[in-house]
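Enquirer: the amino acid sequence is not available; the structure is as follows:
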Ligand SMILES: [Zn+2]
């Protein structure tokens, strides 16, 4: 994939999972700046506009693909949006 910002080649990869979980969340900046803790309840996840990022775990939990542009330091990924 070519970077849409600078046109250089991007490198495909995944977000490496932490030792205690196989997912991470994208949340809105406004939620992050107005709450002291990250959301963990269903209500908090909805309010924060959370999008689950599948970081994968072994061979049974596939990871969402992300592309990195090292030239302009952009990360672009395909994510699975929650059902609305
Ligand atoms: Zn770029």
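Expert: Sure thing, it's come through. These figures come from a predicted structure and were not determined experimentally. Residues are numbered from 1 along each chain as shown.

Enquirer: so which bits of this protein are right by the ion?
Expert: Residues of the chain lying near the ion by C-beta under 5 Å from the ion: 3, 5, 6, 69, 71, 72. The C-beta positions use only the backbone N, C-alpha and C, and glycine is treated the same way.

Enquirer: dump those residues into JSON lines; add neighbour count, pLDDT and secondary structure as well.
Expert: Putting those into JSON lines (neighbours: other C-beta atoms under 10 Å; pLDDT from 0 to 100; DSSP: H, G, I helix; E, B strand; the rest coil) gives the following:
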{"residue": "3", "neighbour count": "17", "pLDDT": "97", "secondary structure": "coil"}
{"residue": "5", "neighbour count": "13", "pLDDT": "97", "secondary structure": "coil"}
{"residue": "6", "neighbour count": "11", "pLDDT": "98", "secondary structure": "coil"}
{"residue": "69", "neighbour count": "20", "pLDDT": "95", "secondary structure": "strand"}
{"residue": "71", "neighbour count": "13", "pLDDT": "96", "secondary structure": "coil"}
{"residue": "72", "neighbour count": "12", "pLDDT": "96", "secondary structure": "coil"}
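
Enquirer: for the protein, give me the ranges with low pLDDT.
Expert: The model of the chain has pLDDT under 70 over residues 17-22, 84.

Enquirer: can you name the residues bridging to the residue positioned nearest the centre of the chain?
Expert: Centroid-nearest residue in the chain: residue 53, 4.1 Å away (criterion: C-alpha atoms, centre = their mean). Applying DSSP bridges to residue 53 gives these bridge partners: residue 24.

Enquirer: okay then, goodbye and thanks.
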